[in-house]
Structure formats: C-alpha cells, structure tokens
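Enquirer: when you get a sec, could you give me coordinates for this:
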Amino acid sequence: MALSYFPNAARVGSPQPLVESSPKQHLNEAVQEVYVEHKNKLLQALDSTKSILGDLRLFNKDNWVVRYPQLREQPAPAAESSNTSRRKSMRRSLSFPDDPSFEAEVIVSPAKAGLTRSVTLATISDKDEEQTAETEEEGDRLISPAEASDFHVFRLDLKLGAHGSSSSPAALVAQLEKSSIANLLDDRILNAVGHLDKLRSRIEDTSSKVLVTGDLNAGKSTFVNALLRREVMPVDQQPCTTAFCEVHDASENDGKEELHILKEGVPYSVADESTFTRASLTDLDAIVSENENESQVLKVYLADPRDPQASLLSNGIVDISLIDAPGLNRDNTHTTRVFARQEEIDVVVFVVSAENHFTLSAKEFLMQASHEKAYLFIVVNKYEQIRDKAKCRRLVLEQIKQLSPRTYEDAEDLVHFVDSQQALHDDTAPFSNLQSALRSFVLVKRSKSKLAPASTYLTKLLSDVDLLVGANAIVAQTEFDRAQNDLNRVRPVLEKMKSGREALEETLESVEDHGATRTRMRTKELLSDAIERVGQGKLGVDNAAVSLPSYTGLLGIWDYVHEVRRALISSLDAAVKLAEDEARAVTTEAVNKITQLGDEHLPEGVERSRRVFMPEAMFSARTDKKSNRKSRRAAGTVVAGGIYGLGIGLAQRPEMLETTFFDLFDVHHQFWVHFGEGKVDDGEDMAVSTLGFASVGLGALTMIGGKALGARGLFEGVVRVWDLLENETARRWAAPVIGAVTIGLAAYFVIELPSTVPRTVGRRIKASLAREGEEMGEEGSFVGGHAARVSRETRKVLRLASWDLKERFRAAMDEHGREVHGAEEIERRAKKALEWFHEVERRASEVRESVVLVSAA
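Expert: Next up, the predicted model:
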C-alpha cells in the first residue's frame, strides 16, 4: 500500500492555519523530502539523457552514419527452448533497411531493475550464451522481452518485411540511402530532445494537470461534474464537448468564478486580459453549443467550498487543473489534438463506457500514452447499467492487461467501475473510493503520477538508445574486424610491391636492352656476312627461293649479267628477311620473359594483360586511321641508305638493277690489281694471265670507244684502226696486237666469263653499298641502317610490353594503396565509433540507475 501524506506546502495565496506538529506531519515531511530528492535525480537524469542525445546527433552528423537496426525473431533450438533460464535471452536476426545484405544473429537481453543496461546485444556464441543464461536471475524487468527488441521513441515506420519477401527492405526502401534513414532518425532524436524539455517543465511545475478523455458518449463531462459535485460541464445525449475545458480553482483567479475564452495563437496569462475574453459560467453551455465545430480552449475557474480533504481542486497541497477533452473518435482533427495534448499532462484519466469497452481509437491512444505513462487511471463509466457485471469486469481487465500492464498490476487503485450520473446526485461508495484513489494518485503518490511518466519515458528512451548503440557497435566491430582483415591481407602485398618495384623496372630495362642489343648485333653479323659473300660472287644467304642464273652463251651475255645482279641483290634482301625473322624469335622470347615477370610481380586478383603478341606484325606496313596502307618511308621509318632508299627491297630499285659494261670488265679493279699495291680486298685470289692483259687492253679501247659491242662504237673503231694501218710502224705491230686481243677475247668469253661475272657484279654491289655507307654514315649504311631499324622495332615491341606491365603494376599498387588507406580510415573510424558507443552505453547505464531508483519509489 502506498503511503498517504499531505505535505505542509501550501499554495501561494492560500494561507493555511497554523497547527501543531504531529507524527503524521513529520512523516509527510519525510516523504516530501524523498519526493524532492527523486525529483532532483530525475531532472538530472533528463539533463544527462538530453546531453547523450545531443552528442548522438552530432556523432551521427560528423563522424558516423548511425544505422537504424531491424530485429526479427529467430526460432530457438529445441535444447534451448527446454532451458528456462535461456528463455530470458532471445535470439534475434539483426539487419538494416539500408543494407539488406547485412544480417547477423544476436542476443537481446532485456535488463532488470538494478542492472546497468536495459538492452544487451552480443554476437551469437554458444559459450557467451551459456554464460548469459547462468548469470541471469529472476526479477522485475524494466521492459518486457518483446519490447526489448523494438524501438519505442525512435521507431521509424519503414514497413520492413522479411528478407526475400515483397515487403523486404530491398523492395520497399531500395531508394532510401543510409543518409536518408539517418536524417529520419535524427528527426526522431530531435523530437525526443523536445519532449525531454517538456518533461522537465512538467516536473518543475508544482501544479498537476489531469486530462480526462475517452470515447464519444463515454460520460466524460458527467464524470467531471461528479468530481466537482456540481453541474458545470455541458451534458447531452449527443456529443457536445468539442473544446478543451480546463477547470482550475478560483483561488488562481483572485477567487472569482468565471470563464476565460483563450485567443488562438496568443500565450495565455490570467493577469493579461488581452489574451482572453471573459464570460460567465452560465454561458459555458451556450458557448460550447454555438462553437461546436471550432477547436477552443476554455479556462473555467470554480470555487469548491468542500473541505480540502474531500476536494480535488481546492486540496490545500498543489494546484490542480482538470481538463475535459473532446471525444477521441469524433474526427481525426480532434483525436490528433487529444493525442498531442496528452504529452503535456501529468495524469491521464481515461473514461470508457462499460457498454462499449475499448474502441480502436481508445486502444491506440492508450498504447501511445503507455510509452510515457506506465500508470493510467481508468474509469469504467455506466457500470451500474450492465447486467452481467462480472463478465464486464473480466473483459475490461483483460483488455487493460494488454494495453497497460503496469496499470493492470495496480488495478485495485487505478481501475474503477462506477456510474457518474448516479454519483452526481447521490454519494455512492464506488465513486467515493474513486475520488479517494484519484486524490491519492494525484496528490499523495506523486512519484507515480508526477514522476513516473517521465521515468517511464526515460526508461524506454534509454532502451532505444541501448538498442541503437548496441546494434551500431556490432556494425562498428564488424567493420573494424573487416578492416583489420583487409589490412592483414593487403598491406603485406603492398609492401612487397613497393620493395620489388625498382627491381622489376631494372629487370624490364635489362630485358629491353638485351633484346635490342642482341637483335642489333645479330643483324649486323648476318648482313656483313651476306655482303662478303656477295662480294665473292656468292648468294648472300642460302635460300631456296633465290639462285644464280645459268650461263646461256655469248649471245645472252648481257641478260646473264643482269640476272646475276638481280639474284645477288635479292639474296641481300633475303638476308634482311632472315635477320627480321631472327629478331622476331628474339622478341618473342623477351616478351615471354616480360610475361613471366608479370606473373611473378603482379599480385593475385590483378588482371593480366590481354595483349597478344603477333611476331608477324613486326616490320610490316602500317595503316592509318582511314585504313590506308602507309609505306615505311611515309611512316617515318629510317631505312638503310637514307634519301637513296637503300636496304628495304634492293631488288625493286632501278638504280641497283642497272647493268653496265663494267659488270663484264671491271677496269678499275684490274688496274688496282696489276698497277696498284698488288693486293685485293679480303684476300681475293685473282689469277694473273693473258686474259688479264687482254682485258686491260680492251678496257683501254672501251675507254676511247664506248661500249664494245655497240654499232656506232664498232664503226668508229674500224675507222680509227684503218687510220692506224696507214702508218708503216702501226701496220708492222697491228698483226701481233690484233692477234693477242683476239686470242684474249676468245679465251675470256669461252673460259672465264661465266665465273668472273658474279664476282665482278658482287664486287660492284659491295662497293656501291660501301660508298653509300661512307656518304650517309654508320646509321645510313646498309648494315648499320638495318641493324638500327631491327633493333628499334624490337625495342619498340619490348618497350610496349614493359610499359603495359609497368602500368598494370603501378595501377595495382595504387589500387592496393587506396585499399590500404581506405581500410586504415575505416579501422580508425570504426575504432573511434566503437569506443564512443561503449562510452554512451556507460553514460546511459549511469542515467538508468537514477531512473530505476525513481521508478521504484
């Protein structure tokens, strides 16, 4: 039973007679001191909770997007369901509407009185679960197990369904980003902060506001009149009260009984007549009837001549305002106003008709009011008109048990079955008990009526904070663990790549230089050997596609010389082709080496190059953007011979294929052999015979007469010979000379001409290439130009392959660097968030201890 006390604290303007102190007064003073102590603790708890919410909003805005959790019940294993202690901890599936892919099993443990936490979230672990079951003890919980896994103040109506259903988070909130839900949550937190300010004002207010509400025609106005013992409120069989009628003691209005009609939008003050319009109490019925469709607030000041022990208004302890509210189910506007008004009052007196019980509007109102007010004062009116009273009482109490469990537990003092109409005229025992219980609840049990609503609201608000912080702590822990795993996986790879980058680049440069140098030297070797062979009258390379022509006789000597020149030049082109083929092989080997380096140095998961090296594409003609083939010279390729175009396709150059008399008789070479230093380049073994002297003589003649077999030259030669024969001395030497020449020519054309022509042509080709090399320099020579070109083509291919590998390596290292940086940032943020959430849990537990003490008072 609650203590009955009347504190010795009189209202201002209501002088009380001096009486001697009594044990009862000392007891009342002690209880009042306890009330003040609890009040101060609750005010401190309100301020601390407001500070927590403010910090939560800032943290949500600046550091961490606070996630809104969703908990769904999971079926417990059979072994667990048989264990009584394990029923206390409920298995839940944790997910988030903004991230349907996240789902984890957790344990929700509703806190009991005296515990530091109202809701505990922990990752599922059999060992932890057993420890939780072993440490749990029976006791009164601050919130029910079902309430522990859902929000009360922070609840967002996202209509979330199970995963995979048509109402799943992915289907219904797919467009709702984390920041959007965080903003919605921030609005709820801001509303909670505003409500805490209202609670503080209500607690600091020495007066008490009692709201009388209920469904239409439940008899609210009749009940208020019965409390006042006079017919003041308008009463009709039809709904007539559309205004909020606040009944105050006349002492608050200088003892005058009158009606104040408040002006909309103007703060009311009893001392400022500009904020209201005065009217007589007799006009109340007419004012309410005339303004039936308007929403008004009326201040009714009444004088209650009854003894303070019997009067609720003039009680001698605190100022009381009795508010007669419109019916709930009249229309949505009035119902919403009543819902909003209940947040401003201390005590809810809900009048329900014994004939209709609780309607949907009544249940909705009571469910919302129970979020803050654990104790509601229920008046079941018109009870005397019910025939089966026991059944009516049983059904009503069952409904109250579902709507307000705490009220049901204290039903003897808080639930009353009366008939207000009968009590208005006759003093009945049930109504007298109701009045006594209401006075005790409002005046004596002020910890329940005045402080308990704020305590209940704080309890559920802190439960929401615990649920929110606990779920986000799991997210932070998960992200922290994931970040550490990512760092353990990526950081060593990054360090290895950093340490191996220089070695990789050096190796690539070495492969590139080695390949280019190798092809350059090999090309020089091949072409130099080919030129030497051509100078000896042999083919530059042994190639089945190129061969020396057959000698067809003296009549085809000119064509024979021409074909020999073409064959020798073509063999040089074949030597170039052979050098290119070997360069392709060397380049392929080097490209494969680069590919192996990529496999060794690129980490797993990095895409390898999709480039396919095609050796046959080397040294081929390029195409421009319009698919037109471009020659090497047009494409800017430097070829042997420079502006003379030597080197590529020698057999296609007219000046190289032009045949002259010197391809038959190399006069300059013979003079060098016989009248020079007597040495032949490269140790050429040249037999000296009469054929040589004949060729010298014949060469001298050709120097005078042009081509030996030309018609004009023959005629001129005959004339000159005839002139010589007229000289006696010449005639004496003519016969021997002519005989020698004839014999030499015959021997030359018959015996040595087929074998000396290739050597003679080869020497001239070699000499021609040597002269061009002297004019153009090393890079312009046949050998040097081709060696540089082949080496350059090889280096270009290898450089492209190396560049591709370097870029992939660089991109992979940058990606791993970003991944490491991102993981470090996530780790830092998650660690900071985890520490902050734990700190909030600690602060909330300290606040909860104060709330628990007040709730137990």
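Enquirer: show me where the stretch 201-350 of the chain has strands.
Expert: 208-214, 244-249, 258-262, 276-279, 297-302, 320-324, 347-353 (DSSP state E, counting those that start in this stretch).
Enquirer: same list, those, but as JSON lines with mean neighbour count please.
Expert: C-beta: built from backbone N, CA, C; applies to glycine. Shown next, in JSON lines, are the strands of the stretch 201-350 of the chain (neighbours: other Cβ atoms under 10 Å):
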{"stretch": "strand 208-214", "mean neighbour count": "24"}
{"stretch": "strand 244-249", "mean neighbour count": "22"}
{"stretch": "strand 258-262", "mean neighbour count": "18"}
{"stretch": "strand 276-279", "mean neighbour count": "14"}
{"stretch": "strand 297-302", "mean neighbour count": "21"}
{"stretch": "strand 320-324", "mean neighbour count": "23"}
{"stretch": "strand 347-353", "mean neighbour count": "26"}
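Enquirer: could the ones you listed go into TSV alongside distance to residue 102 and mean pLDDT?
Expert: Shown next, in TSV, are those (distance: least, Cβ to Cβ, whole Å; pLDDT from 0 to 100):
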stretch	distance to residue 102	mean pLDDT
strand 208-214	43	88
strand 244-249	47	89
strand 258-262	52	92
strand 276-279	57	92
strand 297-302	49	90
strand 320-324	47	86
strand 347-353	40	91
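Enquirer: relative to residue 742, which of these is closest?
Expert: strand 347-353 (149.6 Å; Cβ to Cβ).
Enquirer: and the following helix or strand past the closest one, what does it pack against?
Expert: Next along the chain after strand 347-353, taking DSSP states H and E as the criterion, comes helix 360-369. The contact analysis (3 or more Cβ pairs under 8 Å, 6 or more residues apart in numbering; DSSP states H and E) places helix 360-369 against helix 332-341, strand 347-353, helix 389-403.
Enquirer: again, only this time at 6 Å
Expert: Helices and strands touching helix 360-369, as assessed by 3 or more Cβ pairs under 6 Å, 6 or more residues apart in numbering; DSSP states H and E, are absent.
Enquirer: and the next helix or strand past that helix?
Expert: strand 377-381.
Enquirer: output that following strand as PDB, nothing but the C-alphas.
Expert: C-alpha atoms of strand 377-381 as PDB (Å, rounded to 0.1, in the frame of the first residue of the first chain):
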ATOM      1  CA  PHE A 377      -6.300   6.000 -14.200                       C
ATOM      2  CA  ILE A 378      -9.200   4.100 -15.800                       C
ATOM      3  CA  VAL A 379     -12.800   4.900 -15.200                       C
ATOM      4  CA  VAL A 380     -15.300   2.400 -16.400                       C
ATOM      5  CA  ASN A 381     -18.500   4.500 -16.500                       C
END
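Enquirer: list the strands paired with it, with their directions.
Expert: Strands that pair with strand 377-381, judged by DSSP bridges, come out as strand 347-353 (parallel), strand 415-417 (parallel).
Enquirer: need the ones you listed in TSV (columns: distance to residue 40).
Expert: Conversion of the strands paired with strand 377-381 to TSV gives the following (distance: least, Cβ to Cβ, whole Å):
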stretch	distance to residue 40
strand 347-353	21
strand 415-417	32
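Enquirer: how about those strands, which one is nearest residue 525?
Expert: Closest among those, using Cβ to Cβ: strand 347-353, at 107.6 Å.
Enquirer: just want the angle from the closest one to strand 320-324.
Expert: 30 degrees (axes from the mean of the first three to the mean of the last three Cα atoms, to 10 degrees).
Enquirer: hmm, who's touching strand 347-353?
Expert: The contact list for strand 347-353 (Cβ atoms under 6 Å, 6 or more residues apart in numbering) reads 210-212, 214, 218, 220, 223, 358, 369, 373, 376-382, 442, 449.
Enquirer: equivalent analysis for stretch 217-234, please.
Expert: Outside stretch 217-234, the residues that touch it by Cβ under 6 Å, 6+ apart are 212, 214, 235, 240-241, 285, 288, 312, 324, 351-353, 381, 420-421, 423-424.
Enquirer: buried ones among the contacts of strand 347-353?
Expert: Buried by 16 or more other Cβ atoms under 10 Å: 210-212, 214, 218, 220, 223, 358, 369, 373, 376-382, 442, 449, out of the contacts of strand 347-353.
Enquirer: how big is the angle separating the biggest helix by length in the chain from strand 347-353?
Expert: Assignment by DSSP state H gives helix 452-535 as the longest helix of the chain. Angle, helix 452-535 to strand 347-353, by the same axes, to 10 degrees: 100 degrees.
Enquirer: quick check: mean pLDDT across helix 452-535?
Expert: For helix 452-535, the mean per-residue pLDDT is 91.
Enquirer: now the next helix or strand after it: average pLDDT?
Expert: Proceeding N to C from helix 452-535, the next assigned helix or strand is helix 557-601, under DSSP H and E. Mean per-residue pLDDT for helix 557-601: 89.
Enquirer: got the angle for helix 557-601 vs helix 452-535?
Expert: Using the same axes, to 10 degrees: helix 557-601 against helix 452-535 is 150 degrees.
Enquirer: other SSEs contacting helix 557-601?
Expert: helix 452-535, helix 753-776, helix 782-856.
Enquirer: swap the cut-off to 7 Å and go again
Expert: Other elements packing on helix 557-601 under the criterion 3 or more Cβ pairs under 7 Å, 6 or more residues apart in numbering; DSSP states H and E are helix 452-535, helix 654-657, helix 753-776, helix 782-856.
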